[in-house]
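Undergrad: quick one: sequence plus predicted model below, questions after.
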Amino acid sequence: MMETIRKYKWYIVTIIGIIILVFMHLYKLSAVPYGLNVDEASGAYDALNIARYGVDRYLKSYPVYFTNYGDGQNALYIYATAMWIKLFGISKFVIRLTAAMAAIAAAYFGWKYMNAEKKNGKAKIIWLLLYAVLPVFVMTQRFGLESHLMLPMSMVCLYFTAKAIDEGKWADYLLAGLTLGITLYTYALTYIVIPVYLLLLLVYVIILKKAEWRKILLTAAVLAILAAPLILVQVINLFDLPEMKLGPITFTKLLRYRGEEVAGISVVQNIKSMFTNTFFYDDLTYNTSAKYGTMFFVSVPFVLLGLGRSIYETILSVKKKVFSYAAPMVFWFVAQWIMGSLLSGDSVPNTTRMIGVFMPMLYFLVKGLCLLWEWLKSDKWRMGYAVVMCVCYG
């Protein structure tokens, strides 16, 4: 019996991780958190109307971007929820189902990302276990705030863009374009994050001499097609043009355009806020806890250690002209911080606005934990280290 357990111990740990993951995201989904977030309720009502009548609550048919309370709401979560309502009817569980299922899907793509790196076979298991229990991944993915969908979709984007560069398959470049384009519909702030990320990635592959231009153009073409409706919405609102319709699709004119919230006039203060709000906690108590932090306070030094290691591996990959899976994570992290530094007015870079940064931070955490393991040469020290970490996170 013990021999069988030793032989299959990592499979057993993986299954346990999956069970914990599913439990943490689905158990009492209707009851925890209590009540409905104001934007969660708004999106759910629009999803119900789309499912029943094909219009939102303002009687606009299939909007590219929803009006919400006048200043807009992202579309992907609402349309996904409308699909669930069509299948199962309206309930609090159904309203939150998209968030929970997307979180579980992101766990799968994160697992595949760590597996593709192939440097440490245990890293993917550590990644899965931490994803299952870290507060920010549970708390933000158990209710239907539509912008939180950026968190799981960022992992899907990172996986397909990295895989496209590493393996060079046409299908991966196509899927990279599709997932990047779909991610634009999760949160308006991706309009900054994705272009910055792709610019950094493009420079990187050019330096590595891995730029396959025809395949890159395929990604760009798919992304451009999916981005075009959102660009038109921005043009309409930026230049105060009338609302437009193309067939059943509405290009929304908002009651209040929030473009002024990206002005870059509080960069230093924003950087301080970003560090505090992402590494520790913020005042959005439905996202983070002052008692536990976003990723538990014990994680902070390991995240910083892993960030340093990932930057080092990225620089080393440039020197050696060899692709590193650390590079896309570093570039996405940088893109998120550039976006956050540009926010102004009431748009403080809190955990919701910085929601896409936590996938790279989890990657850095795993890197940091594994790096310290490598530094400890004694089996006795390694065992003690493993026990301490299990106790801390358990």
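TA: The structure has been received and is ready for your questions. Residues are numbered from 1 along each chain as shown.
Undergrad: could you check how far the most centrally placed residue in the chain is from G356?
TA: Geometric centre of the chain, nearest residue: L151, 2.0 Å, by Cα atoms, centre = their mean. Distance, L151 to G356, using Cβ to Cβ, to the nearest Å: 6 Å. Backbone N, C-alpha and C define where each C-beta goes, glycine included.
Undergrad: what does the helix or strand hosting R309 contact?
TA: For R309, the element it lies in under DSSP states H and E is helix 300-320. The contact list for helix 300-320 (Cβ atoms under 8 Å, 6 or more residues apart in numbering) reads 204, 207-208, 279-280, 293, 295, 323-324, 326-327, 329-330, 333, 361, 363-369, 371-372.
Undergrad: so, low pLDDT: which residues of the stretch 51-200 of the chain?
TA: Residue ranges of the stretch 51-200 of the chain with pLDDT under 70: 120.
Undergrad: what about the strands in it?
TA: With DSSP state E, counting those that start in this stretch, there are no strands along the stretch 51-200 of the chain.
Undergrad: out of the contacts of helix 300-320, which end up buried?
TA: Among these, those classed as buried by neighbour count (16 or more other Cβ atoms under 10 Å) are 204, 208, 279, 293, 295, 323-324, 326-327, 329-330, 333, 361, 363-369, 372.
Undergrad: helix or strand next in line after the helix holding R309, which one?
TA: helix 326-342.
Undergrad: any idea of the angle that following helix forms with helix 300-320?
TA: Between helix 326-342 and helix 300-320, the angle comes out at 120 degrees (axes from the mean of the first three to the mean of the last three Cα atoms, to 10 degrees).
Undergrad: what about helix 326-342, average pLDDT?
TA: Helix 326-342 shows a mean pLDDT of 97.
Undergrad: so what secondary structure elements neighbour it?
TA: Here helix 326-342 touches helix 150-167, helix 190-208, helix 267-279, helix 300-320, helix 358-375, going by 3 or more Cβ pairs under 8 Å, 6 or more residues apart in numbering; DSSP states H and E.
Undergrad: pLDDT below threshold where in the stretch 201-350 of the chain?
TA: The stretch 201-350 of the chain contains residues with pLDDT under 70 at 260-261, 263-265.
Undergrad: any idea how far M153 is from P63?
TA: Separation of M153 from P63 (Cβ to Cβ): 20 Å.
Undergrad: typo on my end, V267
TA: Remark: distance between V267 and P63 (Cβ to Cβ) = 33 Å.
Undergrad: the more surrounded of the two?
TA: The residue with more neighbours, out of V267 and P63, is P63; 25 against 14, by other Cβ atoms under 10 Å.
Undergrad: burial count for G308?
TA: When neighbours are defined as other Cβ under 10 Å, G308 has 14 of them.
Undergrad: residues touching the residue nearest to Y197 when sequence neighbours are not counted, list them.
TA: Nearest non-adjacent residue to Y197, counting by Cβ to Cβ, 6 or more residues apart in numbering: A335, 4.1 Å away. Neighbouring residues of A335 by Cβ under 8 Å, 6+ apart: I192, V193, I194, V196, Y197, L200.
Undergrad: just give me the closest of the residues you listed to A221.
TA: For those, the closest approach to A221 (Cβ to Cβ) belongs to I194, at 15.2 Å.
Undergrad: wait, that closest one sits on L184?
TA: Yes - if you go by Cβ atoms under 8 Å, I194 and L184 touch, sitting 6.6 Å apart.
Undergrad: check which residues of stretch 338-352 are buried.
TA: So, applying 16+ other Cβ under 10 Å, buried residues of stretch 338-352: 338-344, 347-352.
Undergrad: would you mind giving these as CSV with distance to K169 added?
TA: Converted to CSV, those look like this (distance: Cβ to Cβ, whole Å):
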residue, distance to K169
I338, 30
M339, 30
G340, 33
S341, 35
L342, 35
L343, 37
S344, 41
S347, 39
V348, 41
P349, 36
N350, 38
T351, 35
T352, 35
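Undergrad: quick one: A176 and C157 touch, right?
TA: Yes - applying Cβ under 8 Å as the test, A176 and C157 come out as touching, 7.3 Å apart.
Undergrad: so is A228 in a helix, a strand, or just coil?
TA: Following DSSP: H, G, I helix; E, B strand; the rest coil, A228 is assigned to helix.
Undergrad: hang on, S30 in a helix?
TA: No - under three-state DSSP, S30 falls outside any helix and is assigned coil.
Undergrad: what about it, how many neighbours?
TA: Other residues lying near S30 total 12 when counted by other Cβ under 10 Å.
Undergrad: can you give me the distance of T285 to T314?
TA: T285 sits 35 Å away from T314, going by Cβ to Cβ.
Undergrad: do the same with D346
TA: 35 Å.
Undergrad: how about F143?
TA: From F143 across to T314, the span is 35 Å (Cβ to Cβ).
Undergrad: quick one: which of these two has more around it?
TA: Ranked by neighbour count (other Cβ under 10 Å), F143 and T314 place F143 first, with 23 against 19.
Undergrad: residues contacting the more buried one?
TA: By Cβ under 8 Å, 6+ apart, the neighbours of F143 are P33, L36, N37, E40, R96, A99, Y286.
Undergrad: may I see these arranged in JSON lines, with neighbour count, secondary structure and distance to F137 as well?
TA: Shown next, in JSON lines, are the contacts of F143 (neighbours: other Cβ atoms under 10 Å; DSSP: H, G, I helix; E, B strand; the rest coil; distance: Cβ to Cβ, whole Å):
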{"residue": "P33", "neighbour count": "15", "secondary structure": "coil", "distance to F137": "15"}
{"residue": "L36", "neighbour count": "16", "secondary structure": "coil", "distance to F137": "21"}
{"residue": "N37", "neighbour count": "16", "secondary structure": "coil", "distance to F137": "17"}
{"residue": "E40", "neighbour count": "23", "secondary structure": "helix", "distance to F137": "18"}
{"residue": "R96", "neighbour count": "26", "secondary structure": "helix", "distance to F137": "15"}
{"residue": "A99", "neighbour count": "26", "secondary structure": "helix", "distance to F137": "11"}
{"residue": "Y286", "neighbour count": "17", "secondary structure": "coil", "distance to F137": "14"}
